[in-house]
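K.L.:
Starting from these lines, generate the structure:
(one chain, ligands or ions: 1)
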Amino acid sequence: MADVSHRVTAYAGGAKYEVLIGRAILADALRREEVGSYERVAVIASARVYDLHREYLEESLGALGGRSCLILMDDRELNKSYAAAGRFLDQFIEIGMNRKSAVIGVGGGVVGDFAGYCAGVYMRGIPIIHVSTTLLAMVDSSIGGKVAVNLSVGKNIVGLFHQPSLVVSDTRFLDTLPDIEFRNGLTEALKHGLIGERKTLRMLERNDMDSIKHEDRILGLVARSVSFKSKIVQRDERERDVRAILNFGHTVGHAIESFMEYRGVSHGGAVATGIQVMVGISRRLGLISGADADRANRIIASYGLMLEKQACDLDGVIKHMEYDKKNFGDSAKFVLLKGLGNPIINQRIPLNMLREVMAEVIC
Ligand SMILES: NC(=O)c1ccc[n+]([C@@H]2O[C@H](COP(=O)([O-])OP(=O)(O)OC[C@H]3O[C@@H](n4cnc5c(N)ncnc54)[C@H](O)[C@@H]3O)[C@@H](O)[C@H]2O)c1
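P.N.:
Numbers count the residues shown, from 1 in each chain. Next comes the predicted model:
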């Protein structure tokens, strides 16, 4: 039996849930009383994670007894779709899911968003438990209740706020996580560091790609991000104001991903590039010192988080920002830093400055 190393209680939307963080904790987590109260449980699991951790998962899911039904998902982003959700919801009916049932999503952010969406709309909403298997899901996507699926015209177009009943971040799954995925998670942890989670910033500075993977450090890194993000969501679940700071670096990041049609570009790489652009603009505007900007850029470089410099069509990337749902009207609004750890939202940036800084960072 393994112990939970960190336990964070998150409050959002008038409810609360626990986030359990530790190694090899899944079976115990699934033996909790509230999980025992669900009459039927649909387990939507990443087929890849299931292949890699079959024995461990079968043993842990055994805690659910005969109440569970395993549904494997090919967790490519293109399968996080509205059409696929319809098929999964039909399966829920076939396996006898009702209002006293629950869904467990086992995987990264794709499975979490997808399983959370299915749970959120099925019979007007049944509980969702996130079992996170990527660092990004642990530090970011499993917290805060945003769940969504994609339409062919864009990502996360159909969605809702559906807070989880429980989140289990079991670091045993990270043993098989490729470095590129690990970096995606580190980028989101760094984002938290730059917008206020100062210990994370210091921890990233003191370590490197090898040493950060030490079990205790990863557990601590996840716990700090969970507690930081959940406090922001507690203040502003629906992103009316303060939650917008979590978009730091993402407007440019999403535009790069969408411009590249999500091919040959990692989410973390695109966001790290977006972070560098925002740090560069904050510095130009005299909001942060050169020393602070260098500090942020050094961390990005030392973990190899940013994209390779390349010849690129900056106007093409900028055009994709107009479609970002976080921007209103003709000119783009961004989150900038007024000193490290102090984000400011709704900052309008002149397009020529955006273009110049992007040219420095990207090309
Ligand atoms: N809801 C939110 O607040 C929120 C926040 C950020 C991102 N997201 C969403 O999260 C998704 C990205 O999530 P992600 O970065 O976790 O990627 P992911 O879910 O696409 O997983 C990345 C890859 O890693 C594999 N994988 C997962 N766990 C593994 C493991 N333990 N070992 C080996 N391979 C493993 C997956 O099969 C996949 O190929 C996007 O769809 C994004 O829109 C949501």
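
K.L.:
Could you find the closest non-adjacent residue to the residue in the stretch 201-350 of the chain that the ligand sits nearest to?
P.N.:
The ligand sits closest to His267 of the stretch 201-350 of the chain, with a gap of 5.9 Å, by Cβ to the nearest ligand atom. C-beta here means a position set from N, CA and C on the backbone, and glycine is covered the same way. Distance criterion Cβ to Cβ, 6 or more residues apart in numbering; nearest residue to His267, sequence neighbours excluded, is Asn184 at 5.4 Å.

K.L.:
can you pull the contacts of the one you found?
P.N.:
Asn184 is in contact with Thr134, Leu135, Leu136, Ser266, His267, Gly268, counting by Cβ atoms under 8 Å, 6 or more residues apart in numbering.

K.L.:
Relative to the ligand, how far out is it?
P.N.:
5 Å (Cβ to the nearest ligand atom, to the nearest Å).

K.L.:
same deal with Pro164?
P.N.:
Plainly put, Pro164 is 11 Å away from the ligand if you go by Cβ to the nearest ligand atom.

K.L.:
Quick one: residues contacting the closest residue to the ligand within the chain.
P.N.:
Nearest residue of the chain to the ligand, counting by Cβ to the nearest ligand atom: Gly109, 2.0 Å away. Listed by Cβ under 8 Å, 6+ apart, the contact set of Gly109 reads Thr134, Leu136, Ala137, Asp140, Ser141, Ser142.

K.L.:
Close to the ligand: what parts of the stretch 251-363 of the chain are there?
P.N.:
His267 (Cβ under 6 Å from any ligand atom).

K.L.:
which sections of the stretch 251-363 of the chain are below the confidence cut-off?
P.N.:
The stretch 251-363 of the chain contains residues with pLDDT under 70 at 310-311, 322-332.

K.L.:
Helices of that one, start to end?
P.N.:
Ranges of helices in the stretch 251-363 of the chain, per DSSP state H, counting those that start in this stretch, are 267-284, 290-302, 314-321, 351-362.

K.L.:
what's the domain layout of the chain?
P.N.:
4-177, 194-362 (automatic domain parsing).

K.L.:
what's the straight distance from one end of the shortest one to the other?
P.N.:
Start and end residues of domain 194-362 are separated by 20 Å (Cα to Cα, to the nearest Å).

K.L.:
And for stretch 139-157?
P.N.:
First-to-last residue span, stretch 139-157, Cα to Cα: 23 Å.

K.L.:
and that stretch, does that touch the ligand?
P.N.:
Yes. Using Cβ under 6 Å from any ligand atom, we find that stretch 139-157 touches the ligand at Asp140, Ser141, Gly144, Lys146, Lys155, Asn156.

K.L.:
Which residues lie in contact with the last one in this structure?
P.N.:
Under the criterion of Cβ under 8 Å, 6+ apart, the neighbours of Asn156 are Asp113, Lys146, Ala148, Val149, Asn150.

K.L.:
Show me which pair in those is furthest apart.
P.N.:
Lys146 and Asn150 (13.5 Å; Cβ to Cβ).

K.L.:
Out of the domains of the chain, flag the one nearest Glu188.
P.N.:
domain 4-177 (4.2 Å).
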